[in-house]
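Engineer: Show me how the following folds:
(one chain, ligands or ions: 2)
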Amino acid sequence: MTTLLEPGQIPQASGEPPRVLAADAKDVFAHRARRFTQLAEGHPLGDYLRFMGRLAQAQQRALDAMPAVPVPDDAAQSQSRQHGMPVVPAQSWRRDSAWRKALRAILEEVAPAASEAAAVTLKAIGQLDDAALEALADRVLRTELYGVHADKLPFVAAALQVYWTRLATQLGHATPQPLDVPGVCPCCGALPSASVIGASPELPGLRFLHCSLCNTEWHLTRASCTACDAGESAVAYQHIEGDKGLVQAETCDVCKSYLKLVRRDKDASADPVADDLATLALDILVDESGFSRSGPNLLLVPGGA
Ligand SMILES: [Zn+2]
Ligand SMILES: [Zn+2]
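Structural biologist: Numbers count the residues shown, from 1 in each chain. Ligands and ions are numbered 1, 2, ... in the order given. Model prediction:
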């Protein structure tokens with residue numbers, strides 16, 4: 001049975017906890033912006049994190065300004081559900097041009113805060129025609145984040161996140177159940193950027209995966225690998241000494257992958273995207289032990305932060 005949920009709303013009724021949570025469209029990026037600003041204080045990457053905070057703030061404004069977008073009709077939605085397919089799949093859903101409008105608004109808003117290098121990137125994106133932007137969007141949605149134009153992709157991704165968050169929250173009440181493949185988003189089919197314990201104060205001990213694209217969160221049993229489903233004995237945790245364990249890397253000995261686990265139950269201000277970018281040192285540590293990351297952070301320029 002599908003759990004009926006308005007975006008951002010947690011049912012208080014007893015019984016089964018919801019297995020899929022749509023983002024709170026009013027605050028998802030604003031919360032992230034506040035967290036980036038908080039994490040920037042005294043951080044070696046403070047300037048970068050502050051700029052990412054501006055970007056998240058611009059995402060919230062673009063989302064606030066985005067009118068309702070076309071979503072699949074009821075028949076298409078129930079067909080997706082029947083076949084265990086995502087409802088608005090990242091790689092095949094026909095994007096509305098609203099995402100490009102969001103991109104232009106985001107570029108304009110972050111420009112005054114951009115470093116010299118970022119200003120060059122922003123200007124270059126501004127000169128691309130629609131076809132070139134759509135081609136970059138295709139790359140982001142296929143998670144091909146390396147190579148030529150890699151510096152432009154986080155901004156394209158930021159606008160796509162706004163658009164897909166609008167889609168996911170519009171579908172809110174019809175949010176699907178997790179798919180048969182537990183490691184991909186039931187709404188858009190994208191990979192998770194991290195997992196979260198304490199997705200909301202009402203669900204303190206449960207672990208949810210956080211979609212890297214549409215900000216939907218879906219339930220997955222704790223202490224199992226998010227990529228290959230291996231059980232507890234294959235999973236181990238690493239964190240940076242002295243950081244209170246708020247962000248841990250959950251590694252899997254079977255598939256040699258890892259994904260970060262963000263303890264929102266320990267600090268409600270923690271955010272799976274912001275806390276991820278503030279703990280790149282943990283990625284280096286885990287990479288060096290031979291694990292590779294199983295889900296992307298679409299705002300990260302590989303080797304560029
Ligand atoms: Zn998603
Ligand atoms: Zn695994």
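Engineer: in the helix or strand containing residue 50, what counts as buried?
Structural biologist: Using DSSP states H and E, the element containing residue 50 is helix 46-65. The neighbour-count check on helix 46-65 (16 or more other C-beta atoms under 10 Å) flags 48-63 as buried. Every C-beta, even on glycine, is put in place using the N, C-alpha and C of the backbone.
Engineer: Quick check: buried residues in the lowest-mean-pLDDT helix or strand in the chain?
Structural biologist: Using mean pLDDT, DSSP states H and E, helix 74-82 stands out as the lowest-scoring helix or strand of the chain, at a mean of 88. Neighbour-count burial for helix 74-82 flags 77, 80, 81 (criterion: 16+ other C-beta under 10 Å).
Engineer: Tell me the helices and strands packed up against the helix holding residue 50.
Structural biologist: Contacts defined by 3 or more C-beta pairs under 8 Å, 6 or more residues apart in numbering; DSSP states H and E place helix 46-65 against helix 28-40, helix 98-110, helix 153-170, helix 274-277.
Engineer: Ranking the ones you listed by mean neighbour count, which comes first?
Structural biologist: Stretch with highest mean neighbour count among the helices and strands packed on helix 46-65: helix 153-170 (a mean of 26; mean count of other C-beta atoms under 10 Å).
Engineer: ok, that helix near ligand 1 or not?
Structural biologist: No - using C-beta under 5 Å from the ion, helix 153-170 stays clear of ligand 1, coming no nearer than 6.1 Å.
Engineer: Give me the helices and strands touching that helix, please.
Structural biologist: Using 3+ C-beta pairs under 8 Å, 6+ apart, helix 153-170 sits against helix 28-40, helix 46-65, helix 98-110, helix 116-126, helix 130-141.
Engineer: Who are the packing partners of the third one?
Structural biologist: I take that to be helix 98-110. Packed next to helix 98-110, using 3+ C-beta pairs under 8 Å, 6+ apart, are helix 46-65, helix 116-126, helix 130-141, helix 153-170.
Engineer: Tally up the residues packed near residue 41, please.
Structural biologist: By other C-beta atoms under 10 Å, 9 other residues sit near residue 41.
Engineer: ok, it to residue 208 distance?
Structural biologist: Note on residue 41: its distance to residue 208, by C-beta to C-beta, to the nearest Å, is 27 Å.
Engineer: Over to residue 196?
Structural biologist: Distance of residue 196 to residue 208, given as C-beta to C-beta: 5 Å.
Engineer: Which neighbours do the two have in common?
Structural biologist: Jointly contacting residue 196 and residue 208 under the rule C-beta atoms under 8 Å, 6 or more residues apart in numbering are residue 217.
Engineer: For this protein, what lies in contact range of ligand 2?
Structural biologist: Counting by C-beta under 5 Å from the ion, the chain sits next to ligand 2 at 225, 227, 228, 230, 252, 254, 255.
Engineer: In contact with the fifth one, which residues?
Structural biologist: This means residue 252. Residues in contact with residue 252 (C-beta under 8 Å, 6+ apart) are 225, 227, 228, 230, 234, 235, 258, 291.
Engineer: Quick one: end-to-end distance for stretch 284-299.
Structural biologist: 17 Å (C-alpha to C-alpha, to the nearest Å).
Engineer: what residues does that stretch touch?
Structural biologist: 52, 55, 140, 143, 145, 153-154, 157-158, 160-161, 183, 191-194, 212-213, 226-227, 238, 240, 249, 251-252, 255-259, 273, 276-277, 283.
Engineer: Just the C-alphas of stretch 199-217, formatted as PDB.
Structural biologist: What follows is stretch 199-217, C-alpha atoms only, in PDB (Å, rounded to 0.1, in the frame of the first residue of the first chain):
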ATOM      1  CA  ALA A 199      15.400  11.800   8.700                       C
ATOM      2  CA  SER A 200      13.000  13.700  10.800                       C
ATOM      3  CA  PRO A 201      12.500  14.100  14.600                       C
ATOM      4  CA  GLU A 202       9.600  11.700  14.400                       C
ATOM      5  CA  LEU A 203      11.800   9.000  12.900                       C
ATOM      6  CA  PRO A 204      14.800   9.100  15.200                       C
ATOM      7  CA  GLY A 205      16.400   5.700  14.700                       C
ATOM      8  CA  LEU A 206      15.600   4.800  11.100                       C
ATOM      9  CA  ARG A 207      18.000   5.100   8.200                       C
ATOM     10  CA  PHE A 208      16.900   6.700   4.900                       C
ATOM     11  CA  LEU A 209      18.900   7.200   1.700                       C
ATOM     12  CA  HIS A 210      18.900  10.800   0.400                       C
ATOM     13  CA  CYS A 211      18.500  11.300  -3.300                       C
ATOM     14  CA  SER A 212      21.300  13.200  -5.000                       C
ATOM     15  CA  LEU A 213      18.800  14.700  -7.500                       C
ATOM     16  CA  CYS A 214      15.300  15.200  -6.100                       C
ATOM     17  CA  ASN A 215      16.000  15.200  -2.300                       C
ATOM     18  CA  THR A 216      13.500  12.400  -1.700                       C
ATOM     19  CA  GLU A 217      14.400  10.100   1.100                       C
END
